[in-house]
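Peer 1: following is a predicted model, sequence given first.
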Amino acid sequence: MSSDLSCREIPFFNYRKAFVHYEEEFVEIFRDVLHRGAYILQKDLEEFEAHLCDFLGVKHAFGVGNGTDALTIGLLAVGLQPGDEVLFPSHTMVASAGAIVYAGGVPVPVDIGPDHMMDPADLERAITDRTRAIMPVQLNGRTCNMDAIQAVADKHGLFIVEDAAQALGSRFKGKCAGTFGAAGTFSFYPAKVLGCLGDGGGVVTNDDHVADGIRMLRDHGRLHDAEIRTWGMNSRLDNLQAALLDFQLRTYESTMQRRREIAAMYEERLGDLAEVVLPPGPNDDPNHYDVYQNYEIEAERRDELREFLKVNGIGTIIQWSGKAVHQWRGLGFDVHLPKTEAFFTRCMMLPMNMVLSDDDVEYICSKILAFYGK
Ligand SMILES: *Cc1c(COP(=O)(O)O)cnc(C)c1O
């Protein structure tokens, strides 16, 4: 082991480094957009939306204010009615459930399966005569087994709205996350795989009618002109942010590749370690193409491991402050989801981002192995 591996500072995410990597290009984009005075619903947004459609293989894409608005708008555009129940996995960000509430629905949490994603086998249990929709969450850059979820949706006549906030470019059987349901949504929060310099989100659909609904909802009820047709919100992706995203989308293939490479390195070094459970590897299953928004593991003596890594300069986090959505008392859920609850006693995330070097990953792995006495 080379000597520069003896001590490192590896924050969980390094916003400054991420900016500096593209500093010249970003400043040039700022200058260009600001000189044109092009801020709201301008050509850079239209171009980004068109490129997003091409990339995903979907008919319509809309930039909106953030990933949470994207979900609310998607649910409303698809026709969610007040009191409709929507099934979602409790292993997700509170935003998934919050959006259901703000769209007038009732969020109903379900458990996770062995892959830590929404468990298709737990859906039937939660279905009532008020259930209207399923919200699969394409978590950590992986797409759920959409065949199994679609089968339940078809059987019960439910629509699907995907929360693909963490999964731009992830695929199941060759089809992109976000393009399975009536609508799919993305987040461009700075730490997401495709991130802007603030808040941003996207909604996609193949349905022309849903597309019109999204267009009106994000812009005060306006469709293609100044006429107000319905009640709407103000949730438009800034043109400047769209320009920054469009620029990064051009090299997105190599971004996904690099993250998969890092996942393969973790797998190579930690795969045999009995004390940890790793996420599925990049080449484990030909049905899945994962983009590794996060690298979430389960670990024995998790809290001690995190402390040990911290002392050695390595930042880790436990997703969403360490609780599943249904475990936040203030939200009023009264349900027991054993697999999700057990998972949250053991889960944590290792650094996974574009500024990690191979040596950084090696250093992280060597410290984890050392912690377990290997
Ligand atoms: C980030 C995220 C959201 C919310 O996106 P924002 O852009 O922060 O509003 C929703 N769901 C999941 C799973 C997320 O990770």
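Peer 2: In hand now; what should we look at? Numbers count the residues shown, from 1 in each chain.
Peer 1: from now on I want contacts and neighbour counts done on CA atoms only, so please keep to that.
Peer 2: OK.
Peer 1: tell me the helix or strand right after the host helix or strand of Val20.
Peer 2: Assigned by DSSP states H and E, Val20 belongs to helix 15-21. Per DSSP H and E, the first helix or strand lying C-terminal to helix 15-21 is helix 23-36.
Peer 1: excluding chain neighbours, what is closest to Ile10?
Peer 2: Residue nearest to Ile10 in three dimensions, not counting chain neighbours: Ile314, with 4.8 Å by Cα to Cα, 6 or more residues apart in numbering.
Peer 1: from the ligand, how far off is that neighbour?
Peer 2: 22 Å (Cα to the nearest ligand atom, to the nearest Å).
Peer 1: need the contact list for that residue.
Peer 2: 8-12, 364 (Cα atoms under 8 Å, 6 or more residues apart in numbering).
Peer 1: tell me the pLDDT of it.
Peer 2: If you check Ile314, the pLDDT there is 98.
Peer 1: and Ser2, by the same measure?
Peer 2: On the pLDDT scale, Ser2 gets 47.
Peer 1: nearest to the ligand: which residue in the stretch 201-350 of the chain?
Peer 2: Gly201 (5.5 Å; Cα to the nearest ligand atom).
Peer 1: what are the phi and psi angles of that residue?
Peer 2: Torsion angles at Gly201 (phi, psi; degrees, to the nearest 10) stand at phi -160, psi 170.
Peer 1: and Pro82, by the same measure?
Peer 2: phi -50, psi 130.
Peer 1: contacts only, for the nearest residue to it once chain neighbours are set aside.
Peer 2: Closest residue in space to Pro82, ignoring its immediate chain neighbours: Gly104 at 4.6 Å, by Cα to Cα, 6+ apart. Residues in contact with Gly104, defined by Cα under 8 Å, 6+ apart, are 80-84.
Peer 1: before we move on, the earlier item: quick one: which of the contacts of Ile314 is nearest Arg218?
Peer 2: Phe12 (33.3 Å; Cα to Cα).
Peer 1: which helix or strand contains that closest one?
Peer 2: Counting by DSSP H and E, Phe12 is part of no helix or strand.
Peer 1: can you pull the contacts of it?
Peer 2: 314-317, 350-352.
Peer 1: what parts of the stretch 1-150 of the chain come near the ligand?
Peer 2: Contact residues (Cα under 6 Å from any ligand atom) of the stretch 1-150 of the chain with the ligand: 66-68, 92-93, 95-96, 139.
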